[in-house]
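Visitor: curious how this folds, go ahead:
(2 chains)
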There are 2 protein chains.
Amino acid sequence: MIPSKDTLAEAAERIKSYIHYTPLVTSENLNSIGGCELYFKCENFQKAGAFKSRGACNSLLQLSDKEKQHGVITHSSGNHGGALAKVARHYGVKAYLIMPSTAPRVKVDAVRNYEGEVEFCEPTLEARESNMKRVQKLTGATEIHPYNNDNIIAGQATAAKELIESTEAPLDIIITPVGGGGLLSGTALAAHYYSPSTKIYAGEPIGADDAYHSFREKKWFPSKNPNTIADGLLTSLGSKTFPIVLDYVDDIFRVHDKTTVTAMKLIWERMKIIIEPSAAVPFAAILDNPEAFKNKKVGVILSGGNLDLNDLPWQCD
Amino acid sequence: MIPSKDTLAEAAERIKSYIHYTPLVTSENLNSIGGCELYFKCENFQKAGAFKSRGACNSLLQLSDKEKQHGVITHSSGNHGGALAKVARHYGVKAYLIMPSTAPRVKVDAVRNYEGEVEFCEPTLEARESNMKRVQKLTGATEIHPYNNDNIIAGQATAAKELIESTEAPLDIIITPVGGGGLLSGTALAAHYYSPSTKIYAGEPIGADDAYHSFREKKWFPSKNPNTIADGLLTSLGSKTFPIVLDYVDDIFRVHDKTTVTAMKLIWERMKIIIEPSAAVPFAAILDNPEAFKNKKVGVILSGGNLDLNDLPWQCD
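Guide: Modelled structure (predicted):
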């Protein structure tokens, strides 16, 4: 059973006192470069700097009091980890984060800044999962999966719900990035319930194009040795997100990292806002596929703004 | 005669269809770092990326039709030049920009992007002024001075007018950067007319601290060999701005460039917005003088967001 319209509405109501209703911004300059009418939903301004706070909050608030006493746990070291640690602290719940020993300093600091309890392990999925199990056994903490979870999907859907509410005439297209598919499947459901004429597209890095293949061939492919600057999009679709993507998404566009960097720099320069590489992938898809977007009214979810400012991609040129 | 309350109200009305009513943003994180309640007025999101569009628009729209036919001219190569070129193009007026041959590529490109006519000259004030006179003689263009002009001051005042309108209880303090004093004197007048209990402070780079000395000693000092990362704040106060600063400003704080860079990086990291070094000077003053701002309600004008993203100050560390 996919999350219903009521489930999405309840999620929006549940999280609204914690979450920022993020601004929708426009840029004549980028409209002219993209050849379409762009509405950027600024989840880079969301709590903890990413849309992930929506799903994390929606999940945490549905735990029982007893579960809350034992804390929450995840082995996501990216934006989901930070978002979970921050919302857990806000509600007085302990958060355990299993992180690979190779995790960038800036991510470890972010989680510690939100008073999350970090446990390091070897940088393999196996080590992350076995360490998570070990800490769960010791603490009784509940796992909050970064995307393969209905409460997460319903939470992430609220970004597109707001985007749809904030635009007067219906959008022709909404485009998001795709990694594990939490944001994409939530967005597709929100459009299905609140703006059924809107087409749903995703941008995916060509170096991590499992969703593209899974979608095209209607058969699940794992993400194998992903290699992209879009560090939030390395994961594979999950058993909950893949069916929603298959049924409710209209197309997935692949982009080269080079275009993602161009798109990211354009958004920084022209809109004066900071987004991370993963958030630039949808605009990169627009730049690379002008015919698909020409003169359309396009909602773009800028998924997050967390990155190391000492290590920008255009210094590496 | 300083610009009156009516003059400010008329300026706001005159420019409103061109200018963005920029957002006011807050950050719990920066409130906690600054020890006060901060309201950031985002003029980095203004047309042409800086508050300068306000004064340029207010000046241009008061030219006669005949003057408009002959165009406008300035030898400011910074944000005023870009703002003037953009607003001139918008209203079908020709803009001539006298720029030193050493002007950074990114600034020349910005002005050309707005279809301003660039004339290069030797990088001295003398050469800039004599070339301006020469082009004026040829074209009949009207000079729009970057700050020493009542229409400019009244235009820049509208940023603080909006800031005051957007906050419910009165602000205890408004702080701006100071270079030539157009923004500072406009802000001081706006507060005088619309929020008289609000104290007006400025932040100034210690390497270009002419306004600090002029204010303290009540005697005009020129800016001599200024040296600061805040490239928008190199100029001296003018004959129109200095008297307003003397009468309506409460204090000027000097800051080291190092603190400005820290302040700028904090705003980028925590607020996910791009500001230029000059715009970070007021927050640097807050960081350096916590006792003056402690627990106060402080409006901060983020003056602009134009800088070369390939050349960020924290790469030079």
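
Visitor: show me the strands in chain A, by range?
Guide: If DSSP state E is used as the criterion, the strands of chain A fall at A:24-25, A:37-42, A:72-74, A:95-100, A:117-121, A:142-143, A:173-177, A:199-205, A:251-255, A:297-302.

Visitor: can you tell me which of these is most buried?
Guide: strand A:173-177 (a mean of 29; mean count of other Cβ atoms under 10 Å in any protein chain shown). Using the backbone N, CA and C atoms, a C-beta is placed for each residue, glycine as well.

Visitor: pLDDT on it, on average?
Guide: Strand A:173-177 shows an average pLDDT of 98 in the prediction.

Visitor: so it versus strand A:251-255, what angle?
Guide: Angle between the axes of strand A:173-177 and strand A:251-255 is 50 degrees (criterion: axes from the mean of the first three to the mean of the last three Cα atoms, to 10 degrees).

Visitor: next, the buried residues of the worst-scoring helix or strand of chain A on mean pLDDT.
Guide: Confidence across the helices and strands of chain A bottoms out at helix A:105-113, with a mean of 86, counting by mean pLDDT, DSSP states H and E. By neighbour count, and taking 16 or more other Cβ atoms under 10 Å in any protein chain shown as the criterion, the buried residues in helix A:105-113 are A:K107, A:V108, A:A110, A:V111.

Visitor: Throw the strands of chain A into JSON lines and include distance to B:I173, thanks.
Guide: Supplementary listing: the strands of chain A in JSON lines, determined by distance: least, Cβ to Cβ, whole Å:
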{"stretch": "strand A:24-25", "distance to B:I173": "28"}
{"stretch": "strand A:37-42", "distance to B:I173": "28"}
{"stretch": "strand A:72-74", "distance to B:I173": "41"}
{"stretch": "strand A:95-100", "distance to B:I173": "37"}
{"stretch": "strand A:117-121", "distance to B:I173": "39"}
{"stretch": "strand A:142-143", "distance to B:I173": "46"}
{"stretch": "strand A:173-177", "distance to B:I173": "41"}
{"stretch": "strand A:199-205", "distance to B:I173": "44"}
{"stretch": "strand A:251-255", "distance to B:I173": "46"}
{"stretch": "strand A:297-302", "distance to B:I173": "32"}
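
Visitor: now the ones you listed as TSV including distance to chain B?
Guide: Putting these into TSV (distance: least, Cβ to the nearest Cβ, whole Å) gives the following:
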stretch	distance to chain B
strand A:24-25	8
strand A:37-42	8
strand A:72-74	22
strand A:95-100	18
strand A:117-121	20
strand A:142-143	27
strand A:173-177	17
strand A:199-205	20
strand A:251-255	20
strand A:297-302	9
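
Visitor: now the residue in the stretch 151-300 of chain A that chain B sits nearest to. Its backbone dihedrals?
Guide: Of all residues in the stretch 151-300 of chain A, the one sitting closest to chain B is A:K272 (3.7 Å; Cβ to the nearest Cβ). Comment: the main-chain dihedrals of A:K272 come out as phi 60, psi 30, following degrees, to the nearest 10.

Visitor: how close does the residue nearest to it when sequence neighbours are not counted sit to B:G34?
Guide: What sits nearest to A:K272 in space, not counting adjacent residues and going by Cβ to Cβ, 6 or more residues apart in numbering or on different chains, is B:G305, at 3.7 Å. From B:G305 over to B:G34 the distance is 20 Å, taken as Cβ to Cβ, to the nearest Å.
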